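Engineer: Fold the following for me, if possible:
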Amino acid sequence: MARALYIHWPFCLAKCPYCDFNSHVRESVDHAQWEGALLADMACEAEAAGGEPLTSVFFGGGTPSLMPPSLVSRLLESAERLWGFAPEIEITLEGNPSSVEAANYAGLAAAGVNRVSLGLQALDDETLLFLGRLHDAAEGLAALEVAQRQFERVSFDLIYARPGHTLDQWQAELSRALAFGTGHLSLYQLTIELGTRFATMVRQKEFEPLDDDASAEMFALTREMTSALGLPAYEVSNHARPGEESRHNLTYWRYQDYCGIGPGAHGRRGGIATVRHRKPENWLKSVAASGNGIAETHDLSGKEQAFEAMLMGLRLAEGVDIGSMAMRFGLPGQALCDPDKLAFYEQQGLAWCRGERIGVTEQGMPLLDALLGELVPAELVAA
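Structural biologist: Now for the predicted structure:
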């Protein structure tokens, strides 16, 4: 049933001011305790959603590059024993590009990690300081160089559309980033998320976010430059050489089943949504008491699944196959997408339709959230 496994490591050395992920700072971590709990949570998921070899494993966080390589190795050994690994499985680990974590890269590669996603976020010290990163630019680039030697595939993140960021500055920074030769880039506009320190700073008028017009210009430039150098956008914010797309994230965006273990991890298996306890201590208590960290499960109706599939699939350049989706969820095609509005937005150059496959155009991608509200019928959203 499960095609992919997500493992959440919730700990960071510091909380970045823009981050709303389930990450926590702790003075110390009992690795033996966490190993036992993650293995138990994994075994529970395999019992519920086993039977099909995994095509990908993804260590997210938090900062999983802080995990001891021996712990990563034991988790992968258990996953392979419980599910089996498909040929050429993708095993990704997110990491911060610090010298401390770079020292772990050889051990992580030996443990089985074959793809790493590094949170560079920026290439200059002033911006890194603003973003609350613990590494400086030189340290980050040195870690990238080590990663490119140790891992088969490397991706890194950059954040643009920052306060005061100009189009010329971003063009120069992105040109430099593309010259490093990685096969995948995740390029995100800075968004101010509720509950973050940046949200408080904006509310207290300590800085103003970049305006929408300037952000839109940077978005268009990003797609133009990456495409010209052979890394076209295959998703709103993700760019790759053909064949180097994140297989794990494609599992989400194509709405295929995946298991999620560890604090706060979500999963989708056989029409059931699973959610783990977010707080690390609560998750540990749950595993100790019941053998898993599940906080809740929810049976998803066909309409709920169809809505989620539309929401995820329309992020992709490939779009969604309405015919296949209608058959999968037992719904008529017009229940998934309003044909009149699709025709209207196709005329506007914001959407496309080729047979039963529909999608959002380059011009429409910056307006994706609004287009979803238009294309997906209200009764499906209300489900």
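
Engineer: The stretch 251-383 of the chain: helices as residue ranges?
Structural biologist: 280-290, 302-313, 322-329, 333-336, 339-347, 368-375, 378-381 (DSSP state H, counting those that start in this stretch).

Engineer: pLDDT averaged over the longest strand along the chain - what is it?
Structural biologist: With secondary structure taken from DSSP state E, the chain has its longest strand at strand 85-95. Averaging pLDDT along strand 85-95 yields 96.

Engineer: ok, now stretch 284-296?
Structural biologist: 97.

Engineer: quick one: low-confidence parts of the protein?
Structural biologist: 1-2, 381-383 (pLDDT under 70).

Engineer: Break it into its domains for me.
Structural biologist: According to automatic domain parsing, the chain comprises the domains 4-252, 302-381.

Engineer: Would you mind putting those into a markdown table with mean neighbour count and distance to Pro280 alongside?
Structural biologist: (Glycine included, C-beta is placed from N, CA and C.) As requested, those are exported to a markdown table (neighbours: other Cβ atoms under 10 Å; distance: least, Cβ to Cβ, whole Å):
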| stretch | mean neighbour count | distance to Pro280 |
| --- | --- | --- |
| domain 4-252 | 18 | 5 |
| domain 302-381 | 17 | 27 |
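
Engineer: so which of the ones you listed gets nearest Ser290?
Structural biologist: domain 4-252 (8.5 Å; Cβ to Cβ).

Engineer: list the contacts for the closest residue in space to Gly330 that isn't next to it in sequence?
Structural biologist: Residue nearest to Gly330 in three dimensions, not counting chain neighbours: Gly302, with 5.2 Å by Cβ to Cβ, 6 or more residues apart in numbering. The neighbours of Gly302, taking Cβ atoms under 8 Å, 6 or more residues apart in numbering as the test, are 329-331.

Engineer: next one: phi and psi at Ala4?
Structural biologist: phi -140, psi 150 (degrees, to the nearest 10).

Engineer: All further residue positions should be reported with the first residue as 130.
Structural biologist: I'll keep to 130 as the first residue from here, and by that count the last item is Ala133.

Engineer: Contacts only, for it.
Structural biologist: 183-187, 376-377, 380, 385-388.

Engineer: which two from those end up farthest apart in space?
Structural biologist: Using Cβ to Cβ, those span at most 15.2 Å, a distance reached by Arg376 and Cys388.

Engineer: As a markdown table, the contacts of Gly431 with distance to Arg262 would be great.
Structural biologist: Formatted as a markdown table, these follow (distance: Cβ to Cβ, whole Å):
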| residue | distance to Arg262 |
| --- | --- |
| Phe458 | 42 |
| Gly459 | 47 |
| Leu460 | 45 |
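
Engineer: Backbone dihedrals for the most centrally placed residue in the chain, both of them.
Structural biologist: Nearest residue to the geometric centre of the chain (Cα atoms, centre = their mean): Asn378, 6.1 Å. Backbone torsions for Asn378, taken as degrees, to the nearest 10, come to phi -70, psi -30.

Engineer: Please apply the same query to Phe309.
Structural biologist: According to degrees, to the nearest 10, Phe309 has phi -70, psi -20.

Engineer: Could you do Leu429 as well?
Structural biologist: phi -90, psi 130.

Engineer: Contact partners for it?
Structural biologist: With Cβ under 8 Å, 6+ apart, Leu429 has these contacts: 397, 400-402, 437.

Engineer: ok, 10 Å please
Structural biologist: Neighbouring residues of Leu429 by Cβ atoms under 10 Å, 6 or more residues apart in numbering: 397, 399-402, 435-437, 458, 512.

Engineer: Mind putting those into TSV with distance to Phe348?
Structural biologist: TSV is the format used below for the contacts of Leu429 (distance: Cβ to Cβ, whole Å):
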residue	distance to Phe348
Arg397	29
Gly399	37
Gly400	35
Ile401	36
Ala402	31
Ala435	28
Phe436	25
Glu437	25
Phe458	32
Ala512	31
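
Engineer: how about the strands in this protein?
Structural biologist: Listed in chain order, the strands of the chain (DSSP E) span 133-138, 183-190, 214-224, 244-250, 282-289, 313-318, 367-369, 387-390, 395-398, 401-405, 423-428, 449-450, 480-483, 486-489.
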